[in-house]
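**Q** Whatever this is, show me its structure:
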Amino acid sequence: MASEAVVTLTEANFEAEISSSTVPVIVDFWAEWCGPCRMLGPILDDLAKEQAGKVKIGKVNVDEAPNLSAQFSVRSIPMLVFFKGGKAVESVVGVQSKDALTKRLAALA
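**A** Numbers count the residues shown, from 1 in each chain. Next up is the predicted model:
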């Protein structure tokens with residue numbers, strides 16, 4: 001469900017994608033069957049395109065990456081985890097507006 005502007009993250013590539021990023025990263029923990037996750041997808045796609053080079057957006061399918069879900073204590077989805085310098089600095093559960101996400105990114109920059 002990721003677009004060309006959004007990176008599909010797996011247990012195999014997660015660490016490398018996060019630790020190598022020179023820009024803040026938003027990781028969306030989601031599932032195919034989750035209605036709110038499907039609502040958030042286009043918002044993240046737009047943000048990834050508009051903020052290209054300023055932010056990296058990745059998606060983790062919780063059904064395909066249970067270890068990552070456990071590592072970040074994902075109990076409800078969609079859950080967004082914000083990373084800066086390879087470290088998780090904030091998380092938020094539920095659908096977020098593009099404005100709210102843009103403000104959170106500005107605070108991380």
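**Q** Need the pLDDT of the most centrally placed residue in the chain.
**A** In the chain, the residue lying closest to the centroid (Cα atoms, centre = their mean) is residue 27, at 1.9 Å. Looking at residue 27, its pLDDT reads 97.
**Q** Same question for residue 98.
**A** 94.
**Q** which residue packs closest to it, ignoring adjacent ones?
**A** Leaving out its chain neighbours, the residue that sits closest to residue 98 by Cβ to Cβ, 6 or more residues apart in numbering is residue 43, at 5.2 Å. Every residue, glycine included, has its C-beta placed from N, CA and C.
**Q** from memory that neighbour sits against residue 100, does it?
**A** No. With contact defined as Cβ atoms under 8 Å, residue 43 does not count as touching residue 100 (9.6 Å).
**Q** Residue 83: which element?
**A** Element membership for residue 83 (DSSP states H and E) is strand 79-84.
**Q** so what does that strand touch, helix or strand wise?
**A** strand 25-30, strand 87-93, helix 98-108 (3 or more Cβ pairs under 8 Å, 6 or more residues apart in numbering; DSSP states H and E).
**Q** what about 6 Å?
**A** Secondary-structure packing of strand 79-84 (3 or more Cβ pairs under 6 Å, 6 or more residues apart in numbering; DSSP states H and E): strand 25-30, strand 87-93.
**Q** Packed most tightly, which of these would that be?
**A** strand 25-30 (a mean of 24; mean count of other Cβ atoms under 10 Å).
**Q** Check the residue lying farthest from the centre of the chain and give its pLDDT.
**A** Within the chain, the residue lying farthest from the chain centre (Cα atoms, centre = their mean) is residue 33, at 17.3 Å. If you check residue 33, the pLDDT there is 97.
**Q** Double-check that it belongs to a strand.
**A** No. With DSSP: H, G, I helix; E, B strand; the rest coil as the criterion, residue 33 is coil rather than part of a strand.
**Q** Relative to residue 19, how far out is it?
**A** 30 Å (Cβ to Cβ, to the nearest Å).
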